[in-house]
Structures are given as C-alpha cells and as structure tokens.
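Engineer: I need the structure of the sequence given here:
(2 chains)
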Amino acid sequence: MVDNLLELREITKLFPGVIALDKVTLTIRRGEIHALVGENGAGKTTLVKVISGAYLPDRGTMLWQGKPTVIHSPIQSQALGIFAIHQHRNLVPFFSGYENLFLGRPYPQKVRGVLDWRKLREKGEQAKRELGIEVDLALPAQELTPAQMTLIEIMRALLVRAQLIILDEPTASLSENEVQALFTLIRVLREKDTSFLYVSHRLEEIFLLADRVTVLRNGRLVETRETTQTSKTELIALMAGEKAGHDFPPPPPLGDAPVILSVHDLATMDGKVKGVNFDLRRGEILGLFGLVGAGRTELLEALYGIRPVKKGSVILEGKPVTLRNSLQAIETGLALVPEDRVRSGVIPSLSVRANIALPILERFRMVPWFPVPHRGREKQVVWDMVGRLRIKTAGPEQRVASLSGGNQQKLVLAKWMARGAKVFLCDEPTHGVDVHARREIYELLYQLVRQGAAMILVSSDLSEILTVSHRIGVMVGGRLVKIFEHREVLAQEVLSLCYGEESGCVAGSMENS
Amino acid sequence: MRRVVALPAQWRILKHYGTLIALLAILAGFSLLSPRVFPTPANVINITRQISLLTIIAIGATLVMTVGEFDLSIGSMASFGGVLATGLVVRHVPIALSLLVSLGIAFLFGLFNGCLVTRFRIFSFITTLSTGTILSGFTFWYTGGATIFGGIPDDFLWFGQGIIGSVPVPTVLMFLVVGLFWFILTYTEFGRRLYAIGGNPLAAQLSGVNVARDKTFAFGYTALLAAATGIILASRLGSAHPTAGGSLFLPSYAAVFLGMTTVKGGYPNAWGTFVGSLMIGVIANGLTILNVPFYLQDIVTGMIVVLAVIVQSLGEGRG
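Structural biologist: Take a look at the predicted model:
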C-alpha cells in the first residue's frame, strides 16, 4: 500500500526568460484534499498543467503511486487516473449531459459503430444515483449553470476512475448553496480514497475543505502545511512574502468636489435597468453592490452605450451624453473596465504598447494630417504608464497574452488613464486577481480619483466595496434602491436590503477579516 | 487543452525562420539541378514578373485576413476588373478614365461586401461567396461569355508588358504595392487598428475602434487590389477573359498562410505574403524548367503550405 498517490520531486519548468516552476517538491496523499494557493503568476496553473500532462517539465521527476512516470499528454494522465477540471469547463455546449459524460471515451454500443442510447442513459443515471447528484442529464450543457457543469465534470472524472481530481477555481461562479453541495460531494469522494488538488483564491474554502495547503510564490514552493495548523492571515503573508495587513486605507477625502456625472431615470430596453437616478462627484468612488442579476453590469453597459436605452438622460460635466455606442461614450470621457478582461478588455495577441496606445493613436502623429504615429513618442508614453502602474512586463513589446491576470487588469486601467478618461466604469476590477495585485489595483483607483476622475465600482465582494468606496449604492431588481452616504455602513444593512425584495444567493464571497 | 511539444533550441530557429530556410533550400536545390537556366539574372526577373499578379491579389487577401475575415470574391473581382477596363479601352474610353472607373467600382463593391459583413453580421465566407457569384454573372453578361481581344491600345498593354530599364512594369507595381501596404499595416493608425480588430474585435470596439468602418474599408482595398490584378493580367495577356482571375484565388490565400508563418505569432503581414508568393512562384518556375508535369507543381505547392503551417504550430500555445 503506497500512501503517496503523487510525488513531485524538484520539478522545474522554464519558459523563455521566465522560471515558471523552480524545483517544486510536492506530495499528494491518497484520499487527501490538497489545496494550492498563490498569487497570480505564482505558478499554480503551470503546476496543474505539468501534472495533467499539458506541459513537460524541464527537470525533476514525478512518481505516480511510487513509480517514476513521465506524463506526455492529457490523454496519458487521464489513463493514469488524473482528471483536471478547469475553470472554463470543457463540455460540448450542444451535447446532452449523457453525451458529455462519455466525451472522449468509448460510448456504449449496440453493434460496432452504433450508439446504444438506452444504455448511455442508464449508465448516466446510475452514476448520478451513486453520487447522489441532482442534475438533469437530458439538457444540453449550454443550458446548465456553472455549478451543474462542474458536477458533470466530476461525474466524468469518476467514470474514468480518476484517483486524483484537479479542481481549478471550481467555485468561481457558484452560489452559496451550490458551493455547499459541491463540498459535500468532494468530502464523500474523499472517503472513497479519491484525492483532490484544489486550486482557489478563496481562502475560507480552503479551511473548510482541505487537509493540507501548499503555498506557491514566484514559481517556488514556500511551504506545505496542515490546514489545522495555519491561519488565513498566515497564508496571506506566505503568499505575499511579507506581512500584509487586512485593512486598506480609505479613499482620498472628497471635500466639496462638484458633480461630474448625473444620471436621471435611466432604463434599458430589456428591462434589466429600471429608472436609475444618481449623481457622481469628481474624485468620488461610488461602490455598487447587488445580487447577481440586480442590473449592475447592465447599468454600466447602458452608460457606455452598448446596451440599448429606453429612456433617461445622462449629463457629463454639464453636457448631455448620447447613449448610442461605445465610440461616443469614449469621446465624452467614459471608460469601461470590463469584467471579462481576456474576452473584452485586452487584445492578447498584441504588445503592451499596442494595447495601451490603441485609444490614443492620433496623439502621436508627426504631422496633424498624416495618420502615422511616432514610435518613439508612443513608446515613451506607454513606458511611463507601465512604470507608474507597476505593470510587470519584460518590455513594451511583450505580448499581453503572456502577462498575468492582475497585470492585464492594470494594463486596461493604464489604457484609460493614458487617454485621460473622466469617469471610470469598473466592473469587478479585482475578479480573479491575487491579494497583492488587488492592493495595487486599489492604489491605482485612488490615484485616479486623486487626479480628478470619478468611478463607479461594481463588485460582488462586499468587503471590497465597503473599504474603497465613498458611497455605497445597492441595486435590487434593476433599481438603485439606496445610496448609503457614508462609509461606516454595516455589511448587514446592505445585505438585508438586497435580500429584502429578492431571495437568492450572495453575489460573491464575503471576505471577512 | 492542447498538448505542447517541447522544442529543443535548434528547432526554434526552424520554427521562426522555417519558411525562409525552406525558400533558400528550394533556391539552392533548383540552382544545383539546373545551373545554367535557373540562377540567371534573366530568370530572376522572370520569376518576379510571374509572381507579380499573385502577390498583388494576395496583398488584398492579407488585408481581410488581418481583420479575421475571408474574401472569396477576389477571383471574380480580378476577372471583372480586367474585363471592364479592357472593354472600356477597346471602346476608345481614355485609359486613365477606364482604370479609374474599374478601380472605383471595385472599391465600392468591396465596401458593399464590408457593409454586408459588418452591418448584417453575415459570415464573410458566405457573403463574399454570394457576391462573388453575382459578380461573375455580371462579368459574363458584360462579355457575352467571350474573350475581349483586338483593338487594345498599346499604352494599356504597358502595365502588363512594359519594361522600365530592365525591370518589367508588373514587377515594379508589385514592389510598390507590397511596400505601400507593409507601411500601411505596420505604421499607420488604420493598419494598427486592423491588427487590433484581428486580435480581439470586442476589445477593439470597447477601446474606441470603429470596427465596422475599418473592416469595411479593408474589404474595399481588397477588392481594389483584386481588380488591379485583373487589369494587369489583361494587359499582360493582351486579352480579357471572364474567368481569367479564378486561378489566382486559391494560391493567393496559400501565399498569405505561408506569409503568416514567417513571423512570430503568425499574423498576416505584407512582406510575409510576398515571401509566400515568391515561394509558390519559385517552385512553379523551377519545376517548369526541369520539365516536371504541371500537376506535380500543384501537389508540391500544397504540401509545402501544409508543412509550413505544421512547423509553425509546433510549440505554440505556451503561456
């Protein structure tokens, strides 16, 4: 009986110019839930990819059930019993649950080459009963919630008799109830000697669930500890490499700054936003909290001109704003920092320089009538921004795809800062960003408002909103039901407002300190 | 998830300069096999003239590919441009006016393609397949299916047959087009925006790029270059046939794909397209000199494109 399911010994992975993993030695025991934490860019994803066979390590050895093993491909790792479930789940959108369960494995067949649908359904239902999972397998994957997709992935893992299941941020878009259901399932499977490698930013979950936790920092393994013998504070300190405090200073004082943006009775065609009124002052951060579907993102999109507006008026610095398209919105001084950076925030295939300079190309013209930007001036402005925002990059020509999430987010802010935007519409700016980068982003937001910009900050992290906003707006069912005028509002007040009219789930994790 | 093949250092050189190395190898091979005909100045000039039409139309294809679209109507557009301009000059319309009219109509047609793609959000593949078919219908209608020849003024033939010093006019036009669009794509605001759109249209739009307008203009220039190719072709042959441009369509995209393998990151680019076109031209020229049957040329060219793309894809996807 080998107790160690997987042993990594001095695993090193090099990328051009970067040591992604530096002699990482890690053991995963049989029937253990092993958490993996670290800032963005610490090497978690690389480590997961090495274990699941997507990357071949440059140095070091791997022992699977005590035997030295080289994993060349994800198919091979699955054959060994390793199953990785990624944050963006790998299901075919128009396949039913049954079909997705058997994805990449031989389907049950009547005669060779002919699928046995009845048997396929039976096997699926059987797996469901064994695990006590409630999910309609007849539905196509595209109609399932993220939580249900995760359950189907776990069922897939068990159908291939996986002994090690890797979960990468599995609770990122799950409600509280769904998280509990997932945890129950994980615990049941642990009793059956299945091991888990659990990657998460949410430290509370790790203490609820994991037996041991490993901290990575800059590609090095800092420490592996029993969860019972450490604390959240300690983990944060280990990740950051310094003693990081919990509280962040309040935003710079407002004084009697004038109103910069007035919104009157704004409503969208699709009814997601219903008659919203508010004023925003120069230098102010207005936090917007609400449950999922309360209309916060939709409000930002309406202001930015990319969601059709039914009625209402918006006045920016005394001038009415037309809400027809994003180009006009940008022209008037609005800037959107979208929630999904990779999908709509950055252009990954282009360089840091090209990304930051994109909205301000006309400024670098050598002659006003000739639309050719001056490279030198452009580089200077971009490099200045990179320095001021402390974006970690090898140089202005590095491709954005190879930056970490936190640095990509800073780049989006840099782009608008360089353009001199007056009102920032930030949608979950710290989503999926590590503790250290989060603090840097807060500092950036403060820097922006100090320079006279105003900001609407949508976040599902209530403690974040309570910390960094001047005022806190609460949205319920498409309406801005209340704006708390001072920062000393209690979390309970905000939450009771949210739950007052609608029952549902908490929008995001509450990071109580 | 995608498997990444770990490449040793010496392989990276092959990956990044593979297409150029292959081109040099092919040049060296033909020079050895046919030392008295292939590596002569006359043949070099010959090759540049042979690839000039392919290169110009392929630069057009490069533009739409840069914004992540396809234009399947460029073959029909080349035929149309050649037939229209020739038809006008044989009816004694001044040459300059004939060119202006033909190129102007082509540009408008390209803008129309672009509008269909951007305003109605139809896949460019389907849009340009349909508009190309319509266009070739018009071309046949205009000529009655016949070839236009005879009565073409000598000045019109200069574009395809003229020589400046010892360099053929089509060669000169090709280098002008490649140089101009290399500059436009790399250095102008328009070109920079095209690459941004190709990289992530949504992020480009949200960053203030007028995606619909820029894409539409890309289609316009693509059609313009296709028509120009057709005109030079008609001028070179001294006749215009309603399907003359069709044979340029597939090789032009092959040239763009080969060109994408010449740069890190694999994006469409003007000089790359030139290299791709040169490669296709050199193979055709060399094999013809060696008396290899024409169908073998197609087989070899096809295999080289596939091989180049495979080499490019090795070791990608790391991050």
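Engineer: all contacts plus neighbour counts: C-alpha atoms, from now on.
Structural biologist: Fine.
Engineer: low-confidence ranges in the chain?
Structural biologist: Since you didn't name a chain, this refers to chain A. A:1-2, A:16-18, A:39-41, A:173, A:240-247, A:292, A:432, A:487-492, A:499-513 (pLDDT under 70).
Engineer: if you could check chain B rather than the one you did, that'd help
Structural biologist: Looking at chain B by pLDDT under 70, you get B:1-15, B:315-319.
Engineer: what segments of it are helices?
Structural biologist: For chain B, the helices defined by DSSP state H cover B:9-33, B:41-66, B:74-90, B:95-119, B:124-143, B:154-161, B:169-187, B:189-199, B:201-206, B:211-237, B:246-260, B:270-289, B:294-313.
Engineer: list the helices and strands the fifth one packs on?
Structural biologist: Spelled out, that is helix B:124-143. helix B:74-90, helix B:95-119 (3 or more C-alpha pairs under 8 Å, 6 or more residues apart in numbering or on different chains; DSSP states H and E).
Engineer: quick check: which element contains A:E223?
Structural biologist: With secondary structure defined by DSSP states H and E, A:E223 is part of strand A:220-226.
Engineer: from the chain's centroid, how far away is that strand?
Structural biologist: Taking the mean of its C-alpha atoms, strand A:220-226 sits 24 Å from the chain's own mean (C-alpha atoms, centre = their mean, to the nearest Å).
Engineer: go on, stretch A:42-62?
Structural biologist: Distance, centroid of stretch A:42-62 to centroid of chain: 22 Å (C-alpha atoms, centre = their mean).
Engineer: end to end on it, go ahead and measure it.
Structural biologist: By C-alpha to C-alpha, to the nearest Å, the extent of stretch A:42-62 from end to end equals 20 Å.
Engineer: in it, what counts as buried?
Structural biologist: In terms of neighbour count (16 or more other C-alpha atoms under 10 Å in any protein chain shown), stretch A:42-62 has its buried residues at A:42-57, A:61-62.
Engineer: hmm, A:I11 is touching A:R59, no?
Structural biologist: Yes - using C-alpha atoms under 8 Å, A:I11 is in contact with A:R59, at 5.7 Å.
Engineer: which of the buried residues of stretch A:42-62 come close to chain B?
Structural biologist: Under the cut-off given by C-alpha under 8 Å from any C-alpha of the partner chain, chain B has A:53-56 from those close to it.
Engineer: closest to chain B out of these?
Structural biologist: A:A54 (5.1 Å; C-alpha to the nearest C-alpha).
Engineer: what residue in the stretch 51-200 of chain B comes nearest to chain A?
Structural biologist: The nearest approach of the stretch 51-200 of chain B to chain A comes at B:T188, 4.4 Å away (C-alpha to the nearest C-alpha).
Engineer: what does chain A have sitting close to chain B?
Structural biologist: Contact residues (C-alpha under 8 Å from any C-alpha) of chain A with chain B: A:53-56, A:73-74, A:326-327, A:330, A:336, A:343-350, A:354, A:358-359, A:361-362, A:371-373, A:401-402.
Engineer: now a ChimeraX select for only the buried ones of the residues you listed.
Structural biologist: In ChimeraX, a selection of the buried entries from the residues of chain A next to chain B looks like this (16+ other C-alpha under 10 Å):
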select /A:53,54,55,56,73,74,326,327,330,336,344,345,346,347,348,349,350,354,358,359,361,362,371,372,373,401,402
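Engineer: from the residues of chain A next to chain B, which ones fall inside strands?
Structural biologist: A:L336 (DSSP state E).
Engineer: right, and the helices of chain B - which one's nearest A:M239?
Structural biologist: Among these, the nearest to A:M239 by C-alpha to C-alpha is helix B:201-206 (31.6 Å).
Engineer: mind giving me the packing neighbours of the closest one?
Structural biologist: helix A:326-332, helix B:189-199, helix B:211-237.
Engineer: tell me the most buried of the ones you listed?
Structural biologist: Each of the helices and strands packed on helix B:201-206 was scored by mean neighbour count; the highest is helix B:211-237, a mean of 26, by mean count of other C-alpha atoms under 10 Å in any protein chain shown.
Engineer: which parts of the stretch 201-350 of chain A are strands?
Structural biologist: Applying DSSP state E, counting those that start in this stretch to the stretch 201-350 of chain A gives strands spanning A:212-217, A:220-226, A:259-268, A:276-281, A:285-290, A:309-316, A:319-320, A:334-337.
Engineer: quick revisit: the residue of the stretch 51-200 of chain B closest to chain A against A:P373, yeah?
Structural biologist: Yes - under the criterion of C-alpha under 8 Å, B:T188 makes contact with A:P373 at 6.6 Å.
Engineer: rewinding a little: mind checking which of the helices of chain B is nearest A:P146?
Structural biologist: A:P146 sits nearest to helix B:201-206 of all those, at 23.4 Å, using C-alpha to C-alpha.
Engineer: quick one: residues in contact with that closest one.
Structural biologist: With contact meaning C-alpha atoms under 8 Å, 6 or more residues apart in numbering or on different chains, helix B:201-206 is reached by A:326-327, A:336, A:343-347, B:193, B:196-197, B:211.
Engineer: I'd like those as a markdown table, with distance to B:L20 appended.
Structural biologist: Listed next are the contacts of helix B:201-206 as a markdown table, based on distance: C-alpha to C-alpha, whole Å:
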| residue | distance to B:L20 |
| --- | --- |
| A:S326 | 42 |
| A:L327 | 41 |
| A:L336 | 43 |
| A:R343 | 34 |
| A:S344 | 35 |
| A:G345 | 35 |
| A:V346 | 32 |
| A:I347 | 28 |
| B:R193 | 28 |
| B:A196 | 26 |
| B:I197 | 28 |
| B:V211 | 33 |
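Engineer: which strand or helix spans A:L36?
Structural biologist: Element membership of A:L36, judged by DSSP H and E, is strand A:33-38.
Engineer: correction: A:A42
Structural biologist: Here A:A42 is assigned to no helix or strand, by DSSP H and E.
Engineer: in this structure it contacts A:T214, no?
Structural biologist: No - look at A:A42 against A:T214 with C-alpha under 8 Å: they stay out of range, at 11.8 Å.
Engineer: re the thing from before, so what's the residue of the stretch 51-200 of chain B closest to chain A up against?
Structural biologist: Taking C-alpha under 8 Å, 6+ apart, one finds A:371-373 in contact with B:T188.
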